[in-house]
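> quick one: sequence plus predicted model below, questions after.
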Amino acid sequence: MHTGSPTSPHNNVVESMSALMNVSGHIDKVMNAQTLEEVKKNRLRHTATIESIHWLCLQGCALRGNDGSSYSKNQDIQKENLHILAERVRKKIREDVGSAKFCLLIDEAKDISDKDHMAIVLRFVDREAFLMERFFDIVHVSDTTAVTLKKEICNVLGRHDLHINIRDQGYDGASNMCGSWNGLQALFLMDSPQSYYVHCFAHRLQLALVAAAEKESSIWLFFSKLNFICNLIKASPKRHIELQFAQAIEIATMVATGIREKDFQVEKLNSRFNDEAVEILRLSSALEPRDNFKLFNADDIYNFAEKFYPSYFNKQELHYLKKTEKARHYHLIDILIRLVLTLLVYTATTKRSFSTMKLLKTSLWNKVEENLLEDSMIVYIEREFTARIDIDSIIDKFYSTKNNWAHLR
């Protein structure tokens, strides 16, 4: 069969037909293949960026790029990805809280640039019955009045639908926090009458001991010489052994003769530990499980629930709490235990958050933006959550907010 020259109409049609039958060579397929390869490379670069940001945050390092000018997009990329990561952590904490009641732990401190900040920590019992304290946010406040603090707290909690679940409050003893009429705890009590305020017991003990020590000249003299004594004892192992021996004899003598602290010191301790919170702890000791529930007392449990948690139990349920057949009504005891566990004992978690702030916001990084500081702190403190966050989901979220960015999907 005659086909003519290579450029004849017949051969041109045959070549076109062959190209048409080769689907992988179609222009849309070629363009799509290039686009998929480009997306793959872009996502790989973006993954490296997110992992770098994550690593820097865990090390407490500042975020920097090769171009830090105002025209560079480095800072926007870093901040946007860090914010998405931080929001994922807050979301996971919110999911862990669920519908459980929580204690609100608040404390204030100044940073390196002399700005007031308020740390917000949530204390709650999770779905698996584990007691948790989670750092949730740190907020810059224009002043530390109770009204301002409450407004900022409500803004943070409101964004995550947490406000209605406040069960207890834990602050220090400053007047703006514990004031009976205009303090922060009083403002929250107006909204939620059973959000009991508990002054950190460790702080109470410290205040009581300091007040008691100020009246004892011997204690002042001891601490003024303590550094010299320590250096003297450490210099000689023999002196160290002799000190331990003398201390053992002195303790045995004090126990044998019944020496007690002075009435003034006892009075100071009583003045710091004589409020409603102490009664709550006293009655709740009836739920102590040690020594095969040695302290278990049905009357104390009933009085505890009736006085402090009347909205959680109706009359019939309160009656069940007094009965001895606890196995049939264990769910009531479980509710009571979860409520007790949310009560504050100390505010060490909020103090640790300020230690983190001092680590992140240094004299070399004292102009860090507030949002960047907040996001960096929650990623640094709640690092166990960040390890479980899917990087691909962060990339997708970033692309959805920056859809004019390079192809990421």
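That came through, no problem.

> so residue 103, which of the three states?
Taking DSSP: H, G, I helix; E, B strand; the rest coil as the rule, one finds residue 103 in the strand state.

> what's near enough to touch it?
122-124, 167-170, 198, 342-344 (C-beta atoms under 8 Å, 6 or more residues apart in numbering). Placement of C-beta: from N, CA and C, glycine included.

> okay, those residues in JSON lines with neighbour count next?
Formatted as JSON lines, these follow (neighbours: other C-beta atoms under 10 Å):
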{"residue": "122", "neighbour count": "26"}
{"residue": "123", "neighbour count": "22"}
{"residue": "124", "neighbour count": "22"}
{"residue": "167", "neighbour count": "21"}
{"residue": "168", "neighbour count": "25"}
{"residue": "169", "neighbour count": "24"}
{"residue": "170", "neighbour count": "29"}
{"residue": "198", "neighbour count": "25"}
{"residue": "342", "neighbour count": "22"}
{"residue": "343", "neighbour count": "18"}
{"residue": "344", "neighbour count": "22"}
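
> closest to residue 114 among the residues you listed?
residue 170 (26.0 Å; C-beta to C-beta).

> residues in contact with the helix or strand containing that closest one?
Element membership for residue 170, per DSSP states H and E: strand 166-171. Contacting residues not belonging to strand 166-171 are listed as 101-107, 123, 157, 177-178, 184-185, 188, 192, 194-200, 339, 342-344, 347 [C-beta under 8 Å, 6+ apart].

> the residues you listed in helices, which ones?
Using DSSP state H, the subset of the contacts of strand 166-171 located in helices is 157, 177-178, 184-185, 188, 339.

> render the CA-only coordinates of the helix or strand encompassing residue 18 in CSV, please.
Here residue 18 sits within helix 9-21, counting by DSSP H and E. Taking Å, rounded to 0.1, in the frame of the first residue of the first chain, the C-alpha atoms of helix 9-21 are listed here in CSV:
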residue,chain,number,x,y,z
PRO,A,9,-0.9,13.8,4.5
HIS,A,10,-1.3,10.1,5.1
ASN,A,11,1.8,9.9,7.3
ASN,A,12,0.8,13.1,9.2
VAL,A,13,-2.6,11.5,10.1
VAL,A,14,-0.9,8.3,11.2
GLU,A,15,1.5,10.2,13.5
SER,A,16,-1.4,12.3,14.9
MET,A,17,-3.4,9.1,15.5
SER,A,18,-0.5,7.5,17.4
ALA,A,19,-0.1,10.6,19.6
LEU,A,20,-3.8,10.6,20.3
MET,A,21,-3.7,7.0,21.4
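
> check which helix or strand covers the residue lying closest to residue 152 once chain neighbours are set aside.
Sequence neighbours aside, residue 139 is the residue nearest to residue 152 in space, at 4.8 Å (criterion: C-beta to C-beta, 6 or more residues apart in numbering). Secondary structure assignment for residue 139, by DSSP H and E: strand 131-140.

> which parts of that strand are buried?
Buried residues in strand 131-140, counted by 16 or more other C-beta atoms under 10 Å: 132-139.

> ok, now stretch 330-344?
332-333, 335-336, 338-344.

> from those, pick the one nearest residue 56.
Nearest member of those to residue 56, counting by C-beta to C-beta, is residue 344, at 33.5 Å.

> and the angle for the strand holding residue 170 with strand 131-140?
Taking axes from the mean of the first three to the mean of the last three C-alpha atoms, to 10 degrees, one finds strand 166-171 and strand 131-140 inclined to each other by 60 degrees.

> pLDDT of strand 166-171, averaged?
Taken as a whole, strand 166-171 has an average pLDDT of 80.

> and that strand, C-alpha only, in CSV?
What follows is strand 166-171, C-alpha atoms only, in CSV (Å, rounded to 0.1, in the frame of the first residue of the first chain):
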residue,chain,number,x,y,z
ILE,A,166,-15.3,26.9,85.8
ARG,A,167,-15.6,25.0,89.1
ASP,A,168,-12.9,26.4,91.3
GLN,A,169,-10.5,29.4,91.4
GLY,A,170,-6.8,29.3,92.5
TYR,A,171,-4.9,32.6,92.9
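
> quick one: that strand to chain centroid distance?
Per C-alpha atoms, centre = their mean, to the nearest Å, the displacement of strand 166-171 from the mean C-alpha position of its chain is 14 Å.

> so what's residue 60 closest to, chain neighbours aside?
residue 359 (4.8 Å).

> just the pLDDT for the one you found.
81.

> now it: which helix or strand?
Assigned by DSSP H and E, residue 359 belongs to helix 348-360.

> residue 118 too?
Judged by DSSP H and E, residue 118 forms part of strand 116-125.

> ranges for the strands of the stretch 201-350 of the chain?
With DSSP state E, counting those that start in this stretch as the criterion, the stretch 201-350 of the chain has no strands.

> excluding its backbone neighbours, what's nearest the residue nearest in space to the middle of the chain?
Note on the chain: the residue nearest the mean C-alpha position is residue 135, at 1.1 Å, using C-alpha atoms, centre = their mean. Closest residue to residue 135 apart from its sequence neighbours, by C-beta to C-beta, 6+ apart: residue 381 at 4.5 Å.

> list the contacts for that neighbour?
Taking C-beta under 8 Å, 6+ apart, one finds 135, 352-353, 356 in contact with residue 381.

> show the pLDDT at it.
Reading off the model, residue 381 has pLDDT 88.

> next one: residue 93
Reported pLDDT for residue 93: 92.
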